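1. Sharing a model that was predicted from the sequence below.
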Amino acid sequence: MFWKRNAAITAVSGGVISVVALLAGAPSAKADELADLRANQELLQQRLDQLSQAGLGTGPAAPMGVGSFPRSFLIPGTDTSLRVGGQAVGSVLWYLKGSAPLGSLNGTAGQNNSTDGQGGTGNLASIPLKTPTSPAVAAATGAPNVTTSAGVAYSRSSQWSFSARQSQIYLDARQPSAYGEIKAFVSMDFAATNNGAILGNQGGVTTGYIPRIREGYATLGGLLIGQTTSTFSDNDSTPEILDFGGETGGQGIARLPQVRYTYPLGNGWVVAIAAENPDVAAGGPFGTYDFDGEMIPTGAACAVPVSVTTGGVAGVIVNNVTNECLGNAAFFNALQTIMPTFVLRTRVDQPWGHLQWAVVTEGYGQNDGRFLNKSYLGYGGSVSGHFFTWGKDNIGGGIAGGNGVGDQLGNGAGLATNFGGALNGQAVNATNSTSNFNVSTASRALYDSAVLSQTVVGFSAHIYYQHWWTDQLRSSVDFSMTHNDWPALVQASGRAALNKELDLTHLNLLWSPVAFVDLGIEGAWGHRQVVTNLRGDAYTIQTAMKVRF
């Protein structure tokens, strides 16, 4: 594009010089010729102004209308560069083993709306467990080996799922300023988990995908405010896989609101500090739950849709979309967020790859509005990176650990508690009608005095290797794991639902016939072990096609 710019400038400059030369001999020219020359001069000046406003000469190889970053364009009349992008994705997931059965309710179907794949944010943490038929069988075999209990199959095979929910669209707008680059970024996909609603045969008409915000943030120089990937995360240390749930051993939360400041140190080094939206979770007598996991106080578990006679037709279900079906009894949630999650990160990028170090703190509160008011501090750290080996091949991974860092370790644990169980002869009220369990002040004080809680020690690790067979064909293999050391204070009723260890591995083959198209096939194995040492395994094959724009 250099010759086009130079040709335009040469032509315009030559015209200007000619006009100046002719004007120099204006005393001998006729009046009408002078008028024509002046008109031509004005036209040439207007053309120069137009070329300047269009961005010609703003930088090397900067054609008219091209924005300041790749695949962007300049909004006319402004200095803002905009890119509209995204991807269309089609995925086919086949569970060979380890698929959890879907829920159903009196003729209306339950739809599993979790992420496509059994990854860390997918179905890995809920793989069905092998349960023994009797204590004698378990004692004789040394390990659970039967996948049925009371005649109900908990682990199924040949479960299929076709999906397009990972399709995305985003807007990226940037412009320069005296304080550094200003940026506004918004992206969305269609992978919202609407598990609270009953989806009855929507696939017979259309899918029930729901849009959700993935990222939405603004930057001014090094300051970022909004929702994006956690500062504790390191996506560059993770493999290229088809499983949209990702690994289990990665650090950080995928995307969350935060305030972050990044400062460049030079020579590829940067440091960032952030205050992020807290993600407080606990494990107790009811299994694991989040601080925002509210149940409806007056809702009855699995309310049955009412069949009525409408228009002479019997058995018509008139409210099959809005009926409530709670998976567990509602209970009072005493978890409280007492501080932001604070993260400090240092990173270096070099031609050989990158390295990252990060530390994080997480605050937990327990407050039931009566006699329970305690706080706990979790903390942890991570080291991660990736390195180029030969050609385009690369290897990467990381380790992370801490005490009470929760989901900052992929599928990690936060706080362990006995709150909610029977303590000092006082049993918790299973409905969330009030915060005092409907007991007297003396009984409640006795109950709260017996509440014990403790942050959970855990660690995670992930490693991958990617090999390029050709410039268009490549494979990745990875392994990731998360381990949680739950303390003994958690009551027996909840220990079978608390994950002690999760393991996950992928092997794939990806092909890019053109630069913006990916096709691939991937096999995955997932393993789950709970505190009571019950285990479960899942095997999947996934194919996908992705077209980016």
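-> Yep, it's here.

2. Dig out what the closest residue in space to Ser237 that isn't next to it in sequence forms beta bridges with.
-> Closest residue to Ser237 apart from its sequence neighbours, by Cβ to Cβ, 6 or more residues apart in numbering: Ser384 at 4.0 Å. Every residue, glycine included, has its C-beta placed from N, CA and C. Ser384 has the following beta-bridge partners by DSSP bridges: Gln356, Gly398.

3. shouldn't Ser384 be in contact with Gly398?
-> Yes: contact criterion Cβ atoms under 8 Å: Ser384 and Gly398 qualify, at 2.7 Å.

4. residues shared between the contacts of these two?
-> Common contacts of Ser384 and Gly398 (Cβ atoms under 8 Å, 6 or more residues apart in numbering): Asp234, Ser237, Gln251, Gln356.

5. looking at the residues you listed, which has the most residues close by?
-> Highest neighbour count within the shared contacts of Ser384 and Gly398: Gln251, with 32 neighbours (other Cβ atoms under 10 Å).

6. Look up how far Gly520 lies from that one.
-> Distance, Gln251 to Gly520, using Cβ to Cβ, to the nearest Å: 25 Å.

7. out of Ser384 and Gly398, which sits in the busier spot?
-> Ser384 (27 against 24).

8. List the residues that contact the more buried one.
-> Contact partners of Ser384, counting by Cβ under 8 Å, 6+ apart, are Asp234, Ser237, Gln251, Leu355, Gln356, Gly396, Gly397, Gly398, Ile399, Ala400.

9. And it, how close does it get to Tyr464?
-> The gap separating Ser384 from Tyr464 is 11 Å, by Cβ to Cβ.

10. hey, what's in contact with both of the two?
-> Common neighbours of Ser384 and Tyr464 (criterion: Cβ under 8 Å, 6+ apart): Gly396, Gly397.

11. And the strands in the stretch 201-350 of the chain?
-> Per DSSP state E, counting those that start in this stretch, the stretch 201-350 of the chain carries strands over the ranges 212-220, 223-228, 256-266, 269-276, 281-284, 287-290, 307-310, 313-317, 335-336, 341-350.

12. Those strands: which one's closest to Gly425?
-> Gly425 lies closest to strand 281-284 among those, at 18.4 Å (Cβ to Cβ).

13. Can you dump the C-alpha atoms of the closest one in PDB for me?
-> Output in PDB follows, covering the C-alpha atoms of strand 281-284 (Å, rounded to 0.1, in the frame of the first residue of the first chain):
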ATOM      1  CA  ALA A 281     -18.300 -20.900  48.600                       C
ATOM      2  CA  ALA A 282     -18.600 -23.500  51.300                       C
ATOM      3  CA  GLY A 283     -19.000 -27.200  51.900                       C
ATOM      4  CA  GLY A 284     -21.200 -28.600  54.700                       C
END
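
14. rewinding a little: now tabulate the contacts of Ser384 in JSON lines and tack on distance to Phe459.
-> Listed next are these as JSON lines, based on distance: Cβ to Cβ, whole Å:
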{"residue": "Asp234", "distance to Phe459": "16"}
{"residue": "Ser237", "distance to Phe459": "16"}
{"residue": "Gln251", "distance to Phe459": "10"}
{"residue": "Leu355", "distance to Phe459": "19"}
{"residue": "Gln356", "distance to Phe459": "17"}
{"residue": "Gly396", "distance to Phe459": "18"}
{"residue": "Gly397", "distance to Phe459": "14"}
{"residue": "Gly398", "distance to Phe459": "11"}
{"residue": "Ile399", "distance to Phe459": "7"}
{"residue": "Ala400", "distance to Phe459": "7"}
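
15. Between those residues, which sits nearest Gln472?
-> Gly396 (21.4 Å).

16. which secondary structure element contains that closest one?
-> Using DSSP states H and E, Gly396 maps to strand 394-403.

17. Got the domain ranges for this protein?
-> 2-63, 83-295+315-548 (automatic domain parsing).

18. Go through those domains and pick out the most buried.
-> domain 83-295+315-548 (a mean of 18; mean count of other Cβ atoms under 10 Å).

19. for the stretch 301-450 of the chain, which spans come out with low pLDDT?
-> Low-confidence segments of the stretch 301-450 of the chain, defined by pLDDT under 70, are located at 301-331, 426-440.

20. What of the stretch 1-150 of the chain?
-> Across the stretch 1-150 of the chain (using pLDDT under 70), the flagged ranges come out as 1-64, 101-114, 131-150.

21. Apply 90 and report the result again.
-> Applying pLDDT under 90 to the stretch 1-150 of the chain picks out residues 1-67, 77, 97-150.

22. residue ranges with poor pLDDT in the stretch 151-300 of the chain?
-> 151-161, 163, 165, 190-212, 245-246, 248-254, 279-300.

23. do that again at 80, thanks
-> For the stretch 151-300 of the chain, the stretches with pLDDT under 80 are 151-158, 192-209, 250, 286, 291-300.

24. and Lys190, what does it touch?
-> For residue 190 the amino acid is Phe, not Lys. Contacts of Phe190 (Cβ under 8 Å, 6+ apart): Ala164, Arg165, Gln166, Ser167, Tyr209, Ile210, Pro211, Arg212.

25. close enough to count as contact, the third one and Ala191?
-> Yes: applying Cβ under 8 Å, one finds Gln166 in contact with Ala191, separated by 6.0 Å.

26. where do the contact lists of these two overlap?
-> Residues touching both Gln166 and Ala191 by Cβ under 8 Å, 6+ apart: Asp116, Phe244.

27. which residues of the protein fall in helices?
-> For the chain, the helices defined by DSSP state H occupy 2-24, 31-53, 135-141, 441-449, 492-495.

28. quick one: contacts for Thr80?
-> By Cβ under 8 Å, 6+ apart, the residues touching Thr80 are Leu74, Ala173, Arg174, Gln175.

29. can you check Asn403 too?
-> Listed by Cβ under 8 Å, 6+ apart, the contact partners of Asn403 are Gly378, Tyr379, Gly380, Thr455, Val456, Val457, Gly458.

30. still on that earlier bit, could I get the strands of the stretch 201-350 of the chain as JSON lines with distance to Ser81?
-> JSON lines is the format used below for the strands of the stretch 201-350 of the chain (distance: least, Cβ to Cβ, whole Å):
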{"stretch": "strand 212-220", "distance to Ser81": "14"}
{"stretch": "strand 223-228", "distance to Ser81": "18"}
{"stretch": "strand 256-266", "distance to Ser81": "21"}
{"stretch": "strand 269-276", "distance to Ser81": "23"}
{"stretch": "strand 281-284", "distance to Ser81": "40"}
{"stretch": "strand 287-290", "distance to Ser81": "39"}
{"stretch": "strand 307-310", "distance to Ser81": "57"}
{"stretch": "strand 313-317", "distance to Ser81": "53"}
{"stretch": "strand 335-336", "distance to Ser81": "44"}
{"stretch": "strand 341-350", "distance to Ser81": "23"}
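
31. Thank you kindly, that will do.
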